[in-house]
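*Asks:* this is a predicted model, with the sequence first.
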Amino acid sequence: MASILLVEDDLTFSRILEGFLTKHGHQVTLSNKGKEGLKTFQSRSFDMVLLDYRLPDTTGMDILFEIKKENLTVPIVIMTSFTDIRTAVKAIKSGAFEYITKPVNPDELLMIVQQALKKEKRPEAVTITPVKSQFVEGSSPLSKQLYDFVKLVAPTNMSVLIEGESGTGKENVARMIHQLSPRSKAPFVAVDCGALSKELAGSELFGHVKGAFTGAVLDKVGQFEAAHKGTIFLDEVGNLSYEVQVKLLRAIQERIIQPIGSNREIRVDVRILTATNDDLAESVRKGEFREDLYHRVNEFKLKVPSVKERGDDLYEFLDHFRESANHELGRNVKDFDREVLELFEKYDWPGNLREMKNVVKRSVLLSKGDTIRLDTIPPEMLESVRQVHREKMGTVYDLKALQEVQEREMIIKTLQEVRYNKSKAARILNIDRKTLYLKMEKYGIE
Ligand SMILES: Nc1ncnc2c1ncn2[C@@H]1O[C@H](COP(=O)(O)OP(=O)(O)OP(=O)(O)O)[C@@H](O)[C@H]1O
């Protein structure tokens, strides 16, 4: 039995969830407001938090930040509407365990709760793990180019800056570089700089000595030291404060770090890989990221394409995620219905591979037979594709109307300039006289 804090302002929905989770043996504490939920969280311990994104007094995102300040490891699941998917992706980057879209499917919720309680995902901002090799390369031109570059740069000691939208697989690329490098037997340490508070970033990266600041009750080894002889991967590097950027520059240039509160200098031999989904060059222009550091981390730049840019790789990824969901959930779903594939082709996947993995896993879970059909796809995803289609159609008509208005004005203006000499007007407008007459008739020009 787990103790779950549920923060949700919709009274009926929260009662349904409470009943459902209680039936499955969990103890649920309900809060209908964000700030009240936060207080409840601070007053005792919970195994996990289910957090609505839109709350009357604050957003789920704010509560997420506050909870993370108190407790880095408690798994938080954000509940959001499908239209907020970009925010949900941001929440994951800020340390949420997972997101689930409303209307919440009970089986999906139960699966996520079970995973959260097992803490399958990394619990903190840092992972030191063996590298997994299960990933899809894809065969689109952009994917081929990416992996050609990866293979080229991996065996060197160059610092690589990996750019790409959220969820495109930047960390996977970093792992691959490490795996293909002579450092592969040494640690690969991934640090999510986006999930580190300003105060903690320095000590997380470079370590501290006991008593260096309030709360530093023991000496701490920094991640640079932990990655000695191996590779450190700094995800969301643009989030580091100016002060930490200075220390990072020294670590890269001189290969020396100094734990906070210590005079001891430690030599480290670490290869540096960084990732960002911001435009780091723009951050340099704005003075938010040091230019010297930018050049140091950017000895080689890789761009990981979005799902949209990867074209037909879509099918390879879909099959891969279907297979891994089968494996994980003990199912045997064999393929996707034609209609589902058409929908996936049109959808713009703002959360990229992370979103695709979730959508496919959910569909595998909900599929009754061995084919994934439309009824297992979140209805909001269908609606989002339809909406984009409607907007596109609307734009075409508007453009046409706009063109006609401009054309009519241009004809009238030219006719006035040449005192209604139609042959002259036709010549100036670069059309023949017959076309001019037809257009005048169409636009009601006397
Ligand atoms: N080439 C791949 N083949 C199969 N799965 C992949 C691949 N690349 C990424 N994934 C999966 O997609 C998800 C997102 O990948 P990853 O965390 O590497 O993205 P990211 O770009 O680093 O995300 P963020 O911008 O949030 O840091 C992960 O679950 C990962 O396992």
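*Replies:* In hand now; what should we look at? Fair warning: this is a prediction, and the values are worked out from it, not measured in the lab. Residues are numbered from 1 along each chain as shown.

*Asks:* residue boundaries of the helices in the stretch 151-300 of the chain?
*Replies:* For the stretch 151-300 of the chain, helices defined by DSSP state H, counting those that start in this stretch occupy the ranges 170-179, 198-206, 223-226, 242-254, 280-285, 291-297.

*Asks:* same deal with the stretch 301-446 of the chain?
*Replies:* Using DSSP H, counting those that start in this stretch, helices in the stretch 301-446 of the chain cover 313-329, 338-346, 352-366, 379-417, 422-429, 433-442.

*Asks:* how far away is residue 311 from the ligand?
*Replies:* 15 Å (CB to the nearest ligand atom, to the nearest Å). Just so you know, the C-beta spots here come from the backbone N, C-alpha and C atoms, and that holds for glycine as well.

*Asks:* what's the closest of the helices of the stretch 151-300 of the chain to the ligand?
*Replies:* helix 170-179 (3.4 Å; CB to the nearest ligand atom).

*Asks:* grab the nearest non-local neighbour of residue 54.
*Replies:* For residue 54, ignoring the flanking residues on the chain, the nearest one in space by CB to CB, 6 or more residues apart in numbering is residue 60 at 7.2 Å.

*Asks:* pick out the shakiest of the helices of the stretch 301-446 of the chain, pLDDT-wise.
*Replies:* Mean pLDDT is lowest for helix 379-417 among these, at a mean of 74.

*Asks:* sorry, back to before: by mean pLDDT, show me the worst of the helices of the stretch 151-300 of the chain.
*Replies:* helix 198-206 (a mean of 86).

*Asks:* give me the residues contacting that one.
*Replies:* 125-126, 191, 193, 196, 208, 212-213, 216, 220, 222-225, 240-241, 243-244, 247-248, 251, 257-260 (CB atoms under 8 Å, 6 or more residues apart in numbering).

*Asks:* just want the most central residue of this protein.
*Replies:* residue 166 (2.9 Å; CA atoms, centre = their mean).

*Asks:* check contacts around that one.
*Replies:* The contact partners of residue 166, by CB under 8 Å, 6+ apart, come to 89-90, 93, 277, 351-352, 354.

*Asks:* so which of those residues wins on neighbours?
*Replies:* In terms of neighbours by other CB atoms under 10 Å, the contacts of residue 166 top out with residue 352 at 26 neighbours.

*Asks:* relative to the ligand, how far out is that residue?
*Replies:* Note on residue 352: its distance to the ligand, by CB to the nearest ligand atom, is 7 Å.

*Asks:* that residue against residue 165, yeah?
*Replies:* Yes - between residue 352 and residue 165 there is a contact at 5.8 Å, judged by CB atoms under 8 Å.

*Asks:* overlap in contacts, these two.
*Replies:* residue 306.

*Asks:* residue 35 versus the residue of the stretch 1-150 of the chain found nearest the ligand, what's the distance?
*Replies:* Nearest residue of the stretch 1-150 of the chain to the ligand (CB to the nearest ligand atom) works out as residue 135 at 3.3 Å. Distance of residue 135 to residue 35, computed by CB to CB, to the nearest Å: 42 Å.

*Asks:* and residue 108, how many neighbours does it have?
*Replies:* That count, for residue 108 with other CB under 10 Å as the rule, works out to 18.

*Asks:* which residues touch it?
*Replies:* Residue 108 neighbours (CB under 8 Å, 6+ apart): 100, 362, 365-366.

*Asks:* closest to residue 172 among those residues?
*Replies:* residue 362 (21.2 Å; CB to CB).

*Asks:* contact partners for that closest one?
*Replies:* 105, 108, 376, 378.

*Asks:* can you name the residues of the protein that neighbour the ligand?
*Replies:* 93, 135-136, 164, 166-172, 235, 275, 277, 320, 353-354, 357 (CB under 6 Å from any ligand atom).

*Asks:* list buried residues within the residues you listed.
*Replies:* Buried members of the residues of the chain next to the ligand, counted by 16 or more other CB atoms under 10 Å: 93, 136, 164, 166-172, 235, 275, 277, 320, 353-354, 357.

*Asks:* on that earlier part again, from residue 77, how far out is the residue nearest to residue 54?
*Replies:* 10 Å.

*Asks:* okay, these two: which has more neighbours?
*Replies:* Between residue 60 and residue 77, counted using other CB under 10 Å, the more crowded position is residue 60 (28 against 21).

*Asks:* hang on, isn't the more buried one packed against residue 50?
*Replies:* No - under the criterion of CB under 8 Å, residue 60 is not in contact with residue 50, lying 10.0 Å apart.

*Asks:* could you pull out the helices for the stretch 1-150 of the chain?
*Replies:* Counting by DSSP H, counting those that start in this stretch, the helices of the stretch 1-150 of the chain are 11-23, 34-43, 60-70, 85-93, 106-118, 141-153.

*Asks:* many thanks, we can stop here.
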